[in-house]
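Enquirer: A predicted structure for the sequence below; I have some questions about it.
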4 protein chains.
Amino acid sequence: MATFKVSSGLWVFAGTQDRYATEGYGPQLSPEEAIERASKVEDLEGIEIHYPTTVNEKNLSSVKQKLDENNLEVTSINLDLWGSKKWKDGSLTSSEEDTRKEAVEIGKKAIKTAKELDCENIGIWPGQDGFDYPFQADYKELWEREIEGIKKIAKFDENMNIGIEYKPKEPRNYQLISDVGKALLLVKEIDLKNVGAVLDFGHALNSGETPGESVYLLSRANKLFNIHINDNYRDWDDDMVVGSVNIRETLEFLYYLDKVNYDGYIGLDQYPYREDPVEAAELSVKNIQTLTNILEEIDKEELESAQHEQDALRAMRNILSILGG
Amino acid sequence: MATFKVSSGLWVFAGTQDRYATEGYGPQLSPEEAIERASKVEDLEGIEIHYPTTVNEKNLSSVKQKLDENNLEVTSINLDLWGSKKWKDGSLTSSEEDTRKEAVEIGKKAIKTAKELDCENIGIWPGQDGFDYPFQADYKELWEREIEGIKKIAKFDENMNIGIEYKPKEPRNYQLISDVGKALLLVKEIDLKNVGAVLDFGHALNSGETPGESVYLLSRANKLFNIHINDNYRDWDDDMVVGSVNIRETLEFLYYLDKVNYDGYIGLDQYPYREDPVEAAELSVKNIQTLTNILEEIDKEELESAQHEQDALRAMRNILSILGG
Amino acid sequence: MATFKVSSGLWVFAGTQDRYATEGYGPQLSPEEAIERASKVEDLEGIEIHYPTTVNEKNLSSVKQKLDENNLEVTSINLDLWGSKKWKDGSLTSSEEDTRKEAVEIGKKAIKTAKELDCENIGIWPGQDGFDYPFQADYKELWEREIEGIKKIAKFDENMNIGIEYKPKEPRNYQLISDVGKALLLVKEIDLKNVGAVLDFGHALNSGETPGESVYLLSRANKLFNIHINDNYRDWDDDMVVGSVNIRETLEFLYYLDKVNYDGYIGLDQYPYREDPVEAAELSVKNIQTLTNILEEIDKEELESAQHEQDALRAMRNILSILGG
Amino acid sequence: MATFKVSSGLWVFAGTQDRYATEGYGPQLSPEEAIERASKVEDLEGIEIHYPTTVNEKNLSSVKQKLDENNLEVTSINLDLWGSKKWKDGSLTSSEEDTRKEAVEIGKKAIKTAKELDCENIGIWPGQDGFDYPFQADYKELWEREIEGIKKIAKFDENMNIGIEYKPKEPRNYQLISDVGKALLLVKEIDLKNVGAVLDFGHALNSGETPGESVYLLSRANKLFNIHINDNYRDWDDDMVVGSVNIRETLEFLYYLDKVNYDGYIGLDQYPYREDPVEAAELSVKNIQTLTNILEEIDKEELESAQHEQDALRAMRNILSILGG
């Protein structure tokens, strides 16, 4: 059983808000302050950062310095194509050509910034690409623009990994790239070596998937580029502490990551609305370690034999025995 | 068939944001500007306003003047017990005694403000009262504090109607007063003539209810104090235009409101993230009118006879014939 | 921490089918054969049985003998008011007076049978009482008939406990008594000492509840009469092995049962479609024991202190440490 | 706007049961009796039948005669790979080689039978292929067997269309081919001209899809082979009368079917548990016609222009005006 390297979205530490508490549940921090906070989390080795709203050409050197001081690697630069009102009707799928161009431009600049930070991964979660009402969308236009926009960004530098993150809902009532099947279809249609998918454990649950199966499906196509982890109550992206709700599926998720030899980072993508972010991240890291240790002790041969026979009880007993049962 | 008087939350017109688009999808307006906008909506007769974040002692006279100029009645003053970080762990159920006191104080002051505005209804939606994680809550403490807090506010003026609004989720992962059953239990346990419930069509759907049945249940106990209306895809409070998704259940909802002789306002509680708020509200008003007209034409005797026999197809044919079928 | 006595529905052992596999996934057993099977489950002390389709006046003595031979107590006699086509439009809420009468009659006879079996509990799950389509139901008729029917059964013998079991869906698209709030409202309106509620862990999840909170709410009203336990993926009554999905909420459920001093049986209500029923029941019993042991080790004072402060992370760390973290 | 030809599953007329009402809600009919019933439905032109449990070599001539007498075309022969206990752990994905072989054999014989009935479509809904518990499945084995099995059937006669139907849940807690994305991935990986997908409106809703978009996605890949239609409350396959819940999405579904020039049958796949099947089917046909007429009157240019600008309100107003608004 591998030990997973853990990274975290810098946003985890920067302050939380929602449509009700618009002033935020706690202080909103600068990138440098957020890095300072992140550095307090034991065993956290990497950071994902948004471009251009968190890191950009202006603060690049100061952000880089702060990261270096704290021995934090940048594991992904993620495009912020959802935080400004200019994206309200979509970014890469906007009906405005200028908006689409701007989104692509951000992608290209993010690649440059990633290189400056020795980072090999770009994350694209096109959060505002989708629709809200029945009859609102011309699906053909949306899908064709999404594909075209991602292609343009990806071709700008075919040595940079571009990971597309899917999610079914929020902030749009329906997001276009909503589940693992659609993400993989899109990636296969784009058909570029450097375009793959980012799998978020919680988004997979929201889409009704078994996250362990989604690991397998993306890995089968060699398209599992990055991992986000958190937890929720299935029907919404609650972005809770890892393992706080779904212990069994988190275990299976880690089991399958190991099985497919995933060797990238596992990135915390939680949103501690009311919790101390450092403590929340620490608990997630600790839970990942505890669950990894539990998996370490499983009799894998016995488990695989039970799975081969699709014997749920035998498979479960095997796991349970580790939990003290 | 009654014609329903339509009111609207002032927030519908004041600007929208979410946890991603923290700067907002459109401009954030002052109360007076928002009233100006609201006044453009044809057939809108009333307004609900939040205290103290939208109306308060300081701007009371200017808000009142603006409302008067535009012939808009204040149909409910609703407590904002969720927008500030001081409520992050609850308002009436906070573990801090001072916070609970402050929440009750706001309730009392809101009652005074309501009187100044000739308004007979206070709405309490304790949005931050609830919990997020398994094992986080001592349910006894939460329920007892909720009951105690509402009682204190209600006893301050037993001529003011206090309507409690339920909702299952958001902003807490679990809100305490989550569905019609719990709301009614709470109201019955409080047992004050001036304490009842506010029924939000969308929240009822989120709780897995048939909103028409919830009308009946609250009305049966004489506790249907106010109505909020909007629409959604069932699993989340999307706050969409009325009738934009669930035409059938909206029809049934209006049918039951008429049947129980509800004579208050129907208050729009939508959140037009990306739409023009005036147009969105106008479409909702228009849809309410269209659906009311459709109900007007139903053969009620035939419908009741079908319902008496629990004959779904006969009941539906009766409705369908009105839709041109 | 109490050790819970475990019972099981006899149906767990009698064979499973669904609308597709209408011949069943395994053999359909006679009551006596099913008891034989049940007796193989270590630490299972009680049995719940349906009247009149499983036990009735004809097979009473042979069933009783089989139970006695195997030292199995009857912990509840449950009315089967859903298995025959005569109940298809409802039993206690049927629009046919004769059908309603027959349902009440079954209730009375079940009470007599329960006495013969030294059983003090009757379970009523009115599975066919509800509706399927918008506009199908006259909610007033349904609620009044439900209340009236239960009253008639309960008054037949006020020394017999009558527990009403709620569930949101299946077999009706909407069941009338759908959640803990409505169950409690109904029970309070009936207002008889011997009428309370049966709480099914899985049904509570299906209704969007936190099962531990539902324990508290029923207990607060002294109406927690019986417990059913199983597990599921929240959106449907999958009736899986205890603890197979939601370990955290099962832990919290057992914690609250202990906290409110529940001293009745915990009844397995699982439906092992494709699994060996004896093994599936054994694994559930074992999981209950394992989770009870885990709870045994919790520092309760520390947990209650964390809950008092609504500190989710502190509460969770406390639990996690037991799981080896 | 095209007029759609309507077909129906023969099972709609043959009797309904579920895991509670195991004797059925009404009489169970023979295939010939069911055809007799189906023939009563005005404007119904075709029938889908299951092989081998409904039609098979033994009753082929009598079934054919009955269909001919009633002028009913066979629009699809669907494999019953879920109704017998031999499929309980899967058919094409079973861990038993013999079981997999038998499933393929049934596919081949079904093709022969289809030819005898002048039918050009085979439907495969592998209802028992999936898993129930975390850790139960080796996803690699399941996916590879599924692909291999379908290939074997499809290659048996490359002139016969093989349509794969997806569904997220029931009878397994998780079905393997669960949504439009996975169905399309599978079909593309199989890469045979005669293998495509069957789109069931209700299953698409269950998977969180907007059915109109699923029409587009399958059509974009030239893989939209057959359509099933019904309605539900989103979270479960309630198989209700067409248009009885989701009018808007049914309208959009028909709109997109017309837009992509779908020229096959629309097959009713409803399950009238408690309703008269002939009346339920008739109401569905009537609703399809009513909704088609409504679409007829839409100003398509205006709608497309609104969609091009992603203007939800303009698109909706356009639709609403047809509904009398």
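Expert: Received, thanks.

Enquirer: Relative to A:Ile77, how far out is A:Gly107?
Expert: Going from A:Gly107 to A:Ile77 by Cβ to Cβ, to the nearest Å gives 10 Å. (Glycine included, C-beta is placed from N, CA and C.)

Enquirer: Please enumerate the shared neighbours of these two.
Expert: Common contact partners of A:Gly107 and A:Ile77 (Cβ atoms under 8 Å, 6 or more residues apart in numbering or on different chains): A:Ile122.

Enquirer: Give the buried residues for stretch A:150-164.
Expert: The neighbour-count check on stretch A:150-164 (16 or more other Cβ atoms under 10 Å in any protein chain shown) flags A:150-154, A:156-157, A:160-164 as buried.

Enquirer: now A:Lys95, what's its secondary structure?
Expert: One thing to correct before we go on: residue A:95 is Ser, not Lys. coil (DSSP: H, G, I helix; E, B strand; the rest coil).

Enquirer: Please give me every residue in contact with it.
Expert: A:89, A:141, D:308-310.

Enquirer: 6 Å instead?
Expert: By Cβ atoms under 6 Å, 6 or more residues apart in numbering or on different chains, the residues touching A:Ser95 are D:309-310.

Enquirer: what about the helices in the stretch 1-150 of chain A?
Expert: A:31-38, A:60-69, A:97-116, A:139-156 (DSSP state H, counting those that start in this stretch).

Enquirer: for the first one, the distance to its chain's centre please.
Expert: From the chain centre to the centre of helix A:31-38 is a distance of 20 Å (Cα atoms, centre = their mean, to the nearest Å).

Enquirer: can you give me the angle it makes with helix A:60-69?
Expert: Helix A:31-38 and helix A:60-69 are oriented at 10 degrees to each other (axes from the mean of the first three to the mean of the last three Cα atoms, to 10 degrees).

Enquirer: any idea which of the buried residues of stretch A:150-164 is closest to chain B?
Expert: A:Ile164 (17.4 Å; Cβ to the nearest Cβ).

Enquirer: what about the closest one, which SS state?
Expert: Put simply, A:Ile164 is strand when judged by three-state DSSP.

Enquirer: Any idea how many residues pack against A:Asn261?
Expert: A:Asn261: 8 surrounding residues under other Cβ atoms under 10 Å in any protein chain shown.

Enquirer: Return the per-residue confidence for it.
Expert: pLDDT for A:Asn261: 97.

Enquirer: for the one 10 residues further on, same thing?
Expert: Per-residue confidence (pLDDT) for A:Tyr271: 98.

Enquirer: looking at it, it is touching A:Asp238, isn't it?
Expert: No. A:Tyr271 is not in contact with A:Asp238 according to Cβ atoms under 6 Å; the separation is 8.0 Å.

Enquirer: Between the two, which has more neighbouring residues?
Expert: More crowded of A:Tyr271 and A:Asp238, by other Cβ under 10 Å: A:Asp238, with 24 against 21.

Enquirer: contacting residues for A:Gln136?
Expert: D:312, D:315.

Enquirer: sorry, back to before: please convert the helices of the stretch 1-150 of chain A to a markdown table, extending it with mean pLDDT and distance to chain B.
Expert: Converted to a markdown table, those look like this (pLDDT from 0 to 100; distance: least, Cβ to the nearest Cβ, whole Å):
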| stretch | mean pLDDT | distance to chain B |
| --- | --- | --- |
| helix A:31-38 | 98 | 15 |
| helix A:60-69 | 98 | 20 |
| helix A:97-116 | 98 | 13 |
| helix A:139-156 | 98 | 15 |
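
Enquirer: I'd like those laid out as a markdown table, including distance to C:Gly9.
Expert: Listed next are the helices of the stretch 1-150 of chain A as a markdown table, based on distance: least, Cβ to Cβ, whole Å:
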| stretch | distance to C:Gly9 |
| --- | --- |
| helix A:31-38 | 51 |
| helix A:60-69 | 58 |
| helix A:97-116 | 57 |
| helix A:139-156 | 47 |
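
Enquirer: Between those, which one is closest to A:Glu302.
Expert: Closest of the helices of the stretch 1-150 of chain A to A:Glu302 is helix A:31-38, at 39.6 Å (criterion: Cβ to Cβ).

Enquirer: Let me see the backbone angles for the residue nearest in space to the middle of chain A.
Expert: The centroid of chain A falls nearest to A:His228 when counting by Cα atoms, centre = their mean (3.5 Å). With angles defined as degrees, to the nearest 10, A:His228 sits at phi -110, psi 140.

Enquirer: give the contact list for it.
Expert: Applying Cβ under 6 Å, 6+ apart to A:His228 gives the contacts A:200, A:267, A:269.

Enquirer: ok, now with 7 Å
Expert: Each residue near A:His228 by Cβ atoms under 7 Å, 6 or more residues apart in numbering or on different chains is listed here: A:198, A:200-201, A:267, A:269.

Enquirer: Looking at the residues you listed, which is nearest chain B?
Expert: Nearest to chain B out of the contacts of A:His228 is A:Asp269 (Cβ to the nearest Cβ; 12.9 Å).

Enquirer: number of nearby residues for the closest one?
Expert: Residue neighbour count, defined by other Cβ under 10 Å, stands at 28 for A:Asp269.

Enquirer: partners of the closest residue to it other than its chain neighbours in the sheet?
Expert: Residue nearest to A:Asp269 in three dimensions, not counting chain neighbours: A:His228, with 3.8 Å by Cβ to Cβ, 6 or more residues apart in numbering or on different chains. Taking DSSP bridges as the rule, A:His228 bridges to A:Asp200, A:Gly267.

Enquirer: Test for you: state the pLDDT assigned to A:His228.
Expert: You'll see A:His228 listed with a pLDDT of 98.

Enquirer: That one and A:Ser61: what is the separation?
Expert: Between A:His228 and A:Ser61 the computed distance is 28 Å (Cβ to Cβ).

Enquirer: try A:Ala137
Expert: From A:Ala137 to A:Ser61 the distance is 42 Å (Cβ to Cβ).

Enquirer: now A:Val195
Expert: 30 Å.

Enquirer: cool, and A:Ile77?
Expert: Distance, A:Ile77 to A:Ser61, using Cβ to Cβ: 15 Å.

Enquirer: Just put the helices of the stretch 1-150 of chain A in a markdown table and tack on distance to chain D.
Expert: Listed next are these as a markdown table, based on distance: least, Cβ to the nearest Cβ, whole Å:
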| stretch | distance to chain D |
| --- | --- |
| helix A:31-38 | 31 |
| helix A:60-69 | 34 |
| helix A:97-116 | 11 |
| helix A:139-156 | 4 |
